[in-house]
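Undergrad: Below: sequence and its predicted model.
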Amino acid sequence: MVKYNNSTSHRGHNAIVPGASGCGLKEHEVAQKIHDKFRAATKAVDATDNVGRTANDNLYNIVRKMNAVGVSFHVSHHLNAFNGTANGFEVWYYAGNTQAKKLAEEICAAVCKVTGWVNRGAKATTSLYVIRASTGSAILIEWGFVDSQKDMDIMANKMDEAVNAALEVMGYKSTSTGGNNTVAKAKYATDKGWYEVIKAGSRGYEPVFDDKERKSEKVTRFPLGTRVYFHEFIKVNGTPVARTSMGYMTANLDYVKKVK
């Protein structure tokens, strides 16, 4: 078996530029858990950026760290998002790099076999910055769609199996003992009444939206400690959303608790 020299690993985005979100989860937080598992097994250099304040700064800082180690093999961890129903697993590589293409194809096959994820396949690119601008070879793994409940149920139940499968393709063994997946399935409020915001989002508040799909954010914001009345709960792509007098917001009990 070929052992790929995985010299760097990173999760995309950060708390300032958090990336995608859905199903009560944030892309950079889930990707961090996967990245930690990769580094534990590979001892790869951490190329994650925690300080970039714009998408461009974030990408630049990541690639700078990747290239600081010289010609290497790099792994970038992300999650997709689209419309709440798109789903599946895919791996990006630089077009024309036959070694990276082979690895991407084998990771897709192995991970999807053990998880049941839809195999969206190995995808060639010349435009993704972390792949195009990095020295050596790089792959960018999209670990499912964060706004797909189907995909995040797989993530919650089979994270270790998924990561182990990718690591084994690369010639490594995970240091995880298995059976202790770190992404718990989100729990949601179901009772009408007063709730308090107990966890503010990455911007320091929980947003409120005009529409139940939560695509049109309002000026209204709920900082930590805000109390708000939940009038009803509406499921959007399988995920409960709370209707308040101000608009729609998360019903995820990681972010709100009922006031007794």
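TA: In hand now; what should we look at?
Undergrad: list the helices and strands the helix or strand in which Ala242 is found packs on?
TA: Assigned by DSSP states H and E, Ala242 falls within strand 239-243. On a contact count with 3 or more CB pairs under 8 Å, 6 or more residues apart in numbering; DSSP states H and E, strand 239-243 meets strand 232-236, strand 248-250. For glycine as for every other residue, the C-beta is placed from the backbone atoms N, C-alpha and C.
Undergrad: Save these as JSON lines, and put in mean neighbour count and distance to Asn97 too.
TA: Putting these into JSON lines (neighbours: other CB atoms under 10 Å; distance: least, CB to CB, whole Å) gives the following:
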{"stretch": "strand 232-236", "mean neighbour count": "13", "distance to Asn97": "39"}
{"stretch": "strand 248-250", "mean neighbour count": "24", "distance to Asn97": "40"}
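Undergrad: Switch those strands over to TSV, and while doing so, append distance to Ala20 and mean pLDDT to every line.
TA: What follows is the helices and strands packed on strand 239-243, written out as TSV (distance: least, CB to CB, whole Å; pLDDT from 0 to 100):
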stretch	distance to Ala20	mean pLDDT
strand 232-236	16	88
strand 248-250	15	90
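Undergrad: looking at the ones you listed, which is closest to Gly70?
TA: strand 248-250 (43.5 Å; CB to CB).
Undergrad: who's in contact with the closest one?
TA: Applying CB atoms under 8 Å, 6 or more residues apart in numbering, the set of residues contacting strand 248-250 from outside is 24, 206-212, 214, 222, 228, 234, 241-242, 256.
Undergrad: Buried only: go through the residues you listed for me.
TA: 24, 206-209, 214, 222, 228, 241-242, 256 (16 or more other CB atoms under 10 Å).
Undergrad: closest to Thr115 among those residues?
TA: Gly24 (20.1 Å).
Undergrad: which residues in this protein form helices?
TA: Using DSSP state H, the helices assigned to the chain run over residues 27-42, 55-68, 98-115, 129-132, 149-169.
Undergrad: Tell me which of those helices sits nearest to Thr85.
TA: Closest among the helices of the chain, once you apply CB to CB, is helix 149-169, at 8.5 Å.
Undergrad: other SSEs contacting the closest one?
TA: helix 27-42, helix 98-115, strand 136-145.
Undergrad: got the contact list for the longest one?
TA: Applying CB under 8 Å, 6+ apart, the set of residues contacting helix 98-115 from outside is 4, 89-94, 117-124, 137-139, 141, 154, 158, 161-162, 164-166, 168-170.
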